[in-house]
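What follows is a predicted structure for the sequence shown.
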Amino acid sequence: MPLTAPITEIEKLKSHPALATLLEWNSSVVQAVKFDRDELTIWVEKDAIREAGAILRDARDCPFNYLCDVTAVDWYPLEPRFEVVYHLLSIPTKERVRLKTRLDGSSPALESVTSVWPSANFYEREVFDLFGVRFTGHPNLKRIMMPDDWEGHPLRKDYPVEGYR
Amino acid sequence: MPQLPATLAEPGQDGTLILNMGPQHPSTHGVLRVVLEIEGETIVRLRPEIGYLHTGIEKTCEAKFYQQVVPLTDRIDYLCPMTNNLCYCLAVEKLLGLEIPPKAQWMRVLMNELTRINSHLVWLGTHAMDIGAMTVLLYCFREREEVLRFYEMVSGQRMMSSYFRIGGLALEPPLGFFEKVKKFADGFPSKVDEYENLLTGNPIFMMRTKGIARLSAEDAIALGACGPTLRGSGVDIDLRRDSPYTGYENFKFNVPVRTEGDVFARYVCRVQELRESIAIVQQALAGMPEGPIKADAPKVVLPDREKMETQMEALIYHFKIITEGFAVPEGEVYQAVESPRGEMGYYIVSDGTAKPYRVHMRGPSFANLQTVAKMCEGQLIADVVAAIGSIDIVLGDCDR
């Protein structure tokens, strides 16, 4: 399908259930939105991510009850350096939405969503392991892919592809 | 709300014992290590330990051109290479806004369903062997060999096929290919009957699977289960039907769902899927359209050999794609497909250059593994093997 210009105005996207739910709850947590290539992205205030998740999960019409994935993107050397990305799916309506939060590079940390979606347990451990983003309130925040005594976080952009020699 | 156990108790505390299983255990399907806290024969807690097969594919992708990532994707979930190829290619095509010709789409569906059969046959054979039925493995590998021959026919490779490329397919299917697939597809349902004769209704198999490792629908959703593990717990979701990609909307098939949520329910779902897949293969063969197998995008798709030898322009494009790759417009996509194990997703971020800025794979095995701890609580040690087998784990997909 040919590309069209992304839509970034909140007004035009209000009809999407995820955005409507968040705006109805607290419009100040929505920092920005983008509708590009048939996918909706919502940037959410960093401190509100857990509550926003809980609101979306419990929404009456379109509950986003399934967390597909949590990952991060490193925009080094730009600041805010990290973006943590959540992909949500609503099993009853099959709607999808992507939530994002921006984090500073100095000591990236945000609240864990394991209390909202228990499946976030492994995903957040992976992000912690490979990006060094800390999740407060996570029940078992340990490395998952790399050995426990590994130094550095391999998926950061300042980590060489061949590793340190 | 179910939660994974945070930490295991110290050995000896509350009279429990810590037992280590794996990473070199024949029933863990690779290098999965499971730490069990047991009281007598009963599991109190279970903790999976992974990472033994972590190869940093996501990091490697960032240093490659878009077209060079395709062979890497084969190696993630090595039992369904074509599904990985498909998911990655669809994601990049979505970023590029490419239109894929119908024949390529139908071939993708055909090969994708053969891949599902291939993967399910390996699962069926090994899962049955784990719980004591040796014979089924030999039967399953007999048919799997035929599927691998189809792989070899189209791509020249039995396992790491890299047959789907960005913009279409690598090669035209060879002469006589469709006839051979047709012959296989006609005979396959009776082969599934053979497997079912050996397992479904077999009293030993039933005792090892019925009521074992139960998972309720709420727990399955909360813990992130996907694919047949989720459908075995009564959640009716299949991405091929619910958000069709690569022309699945043209095919008619049923989605098997069971509500029991035990090992047997997952077994029944997968065996039914074998029958549904072969029905899709038949439909794809019957309606295979004519036409090109690659999109008309000379800057992205490599030209045919013949054109390259006769036309200057084609040669230039070929040289440019190989040496500098092709730029992909800025943006990000998350493409999900239904792999044999569940929702496989590729999240690709492009910064407008010829190399992906970030590629993330959402592995269905990684997601399904989290449910094992919940399934095994209160079960016997011997049932852990059945539970691990029933989620059809592939460690390459889990560790990436």
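Arrived safely, thanks for sending.

Just list what the lengthiest helix in chain B packs against, helices and strands only.
In chain B, with assignment by DSSP state H, the single longest helix is helix B:102-130. If contacts are counted by 3 or more C-beta pairs under 8 Å, 6 or more residues apart in numbering or on different chains; DSSP states H and E, helix B:102-130 sits against helix B:81-96, helix B:135-155, strand B:168-169, helix B:177-198, helix B:263-286, helix B:381-390. C-betas here are computed from N, CA, C, even on glycine.

looking only at pLDDT, what's the mean for that helix?
Along helix B:102-130, the predicted local confidence has a mean pLDDT of 91.

Return the distance of it from the chain's centre.
Between the mean C-alpha location of helix B:102-130 and the chain-wide mean there is a distance of 8 Å, by C-alpha atoms, centre = their mean, to the nearest Å.

which parts of it are buried?
The neighbour-count check on helix B:102-130 (16 or more other C-beta atoms under 10 Å in any protein chain shown) flags B:102-130 as buried.

For chain A, which residue gets nearest to chain B?
In chain A, the residue found nearest to chain B is A:Ser119; the distance is 2.8 Å by C-beta to the nearest C-beta.

what about the nearest residue to that residue once chain neighbours are set aside, how many neighbours?
If the residues on either side of it in the chain are set aside, A:Ser119 comes closest to B:Gly224, at 2.8 Å by C-beta to C-beta, 6 or more residues apart in numbering or on different chains. Using other C-beta atoms under 10 Å in any protein chain shown, B:Gly224 is surrounded by 29 other residues.

again, but for the one 3 residues further on
A total of 27 residues lie near B:Gly227 under the criterion other C-beta under 10 Å.

if I pick it, what's in contact with it?
Contacts for B:Gly227 (C-beta atoms under 8 Å, 6 or more residues apart in numbering or on different chains) come out as B:Glu338, B:Ser339, B:Pro340, B:Arg341, B:Gly342, B:Glu343, B:Pro364, B:Asn368, B:Asp392.

Could you list which of these also contact chain A?
Residues of the contacts of B:Gly227 in contact with chain A (C-beta under 8 Å from any C-beta of the partner chain): B:Glu343.

list the contacts for the closest residue to chain A within chain B?
At 2.8 Å from chain A, B:Gly224 is the closest residue in chain B, using C-beta to the nearest C-beta. For B:Gly224, the contact set (C-beta under 8 Å, 6+ apart) comprises A:Tyr66, A:Leu67, A:Cys68, A:Trp117, A:Pro118, A:Ser119, A:Phe122, B:Ala367, B:Asn368, B:Gln370, B:Thr371.

mind redoing it with 10 Å?
By C-beta atoms under 10 Å, 6 or more residues apart in numbering or on different chains, B:Gly224 lies in contact with A:66-69, A:117-123, B:230, B:342-343, B:362, B:364, B:366-371.

For the contacts of B:Gly227, give me JSON lines that also has pLDDT.
Output for these, formatted as JSON lines (pLDDT from 0 to 100):
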{"residue": "B:Glu338", "pLDDT": "91"}
{"residue": "B:Ser339", "pLDDT": "91"}
{"residue": "B:Pro340", "pLDDT": "91"}
{"residue": "B:Arg341", "pLDDT": "90"}
{"residue": "B:Gly342", "pLDDT": "89"}
{"residue": "B:Glu343", "pLDDT": "90"}
{"residue": "B:Pro364", "pLDDT": "92"}
{"residue": "B:Asn368", "pLDDT": "91"}
{"residue": "B:Asp392", "pLDDT": "87"}
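
Go through the contacts of B:Gly227 and give me the one with the most neighbours.
Top of the contacts of B:Gly227 by neighbour number is B:Pro364, holding 33 neighbours under the definition other C-beta under 10 Å.

you'd agree that residue is up against B:Ser119?
No - taking contacts as C-beta atoms under 10 Å, B:Pro364 lies outside contact range of B:Ser119: 11.1 Å.

Quickly list what's touching both of the two.
Among the neighbours of B:Pro364, those also in contact with B:Ser119 (C-beta under 10 Å, 6+ apart) are B:Asp77, B:Cys80, B:Thr83, B:Ser339, B:Pro340, B:Arg341, B:Asp392, B:Val394.

For the residue lying closest to the fourth one once chain neighbours are set aside, give me its contacts.
The reference is to B:Ser339. Spatially, and ignoring its direct neighbours in sequence, B:Ser339 is nearest to B:Thr83 (4.5 Å; C-beta to C-beta, 6+ apart). Contacts were defined as C-beta under 10 Å, 6+ apart; by that measure B:Thr83 touches B:73, B:76-77, B:108, B:111-113, B:115-116, B:119, B:164, B:337-341, B:344, B:364.

again, 7 Å this time
Applying C-beta atoms under 7 Å, 6 or more residues apart in numbering or on different chains, one finds that B:Thr83 lies in contact with B:Asp77, B:Asn112, B:Thr115, B:Val337, B:Ser339, B:Met344.

Out of these, which two sit at the greatest distance?
Using C-beta to C-beta, those reach their maximum pairwise distance at B:Asp77 and B:Asn112, which is 12.7 Å.
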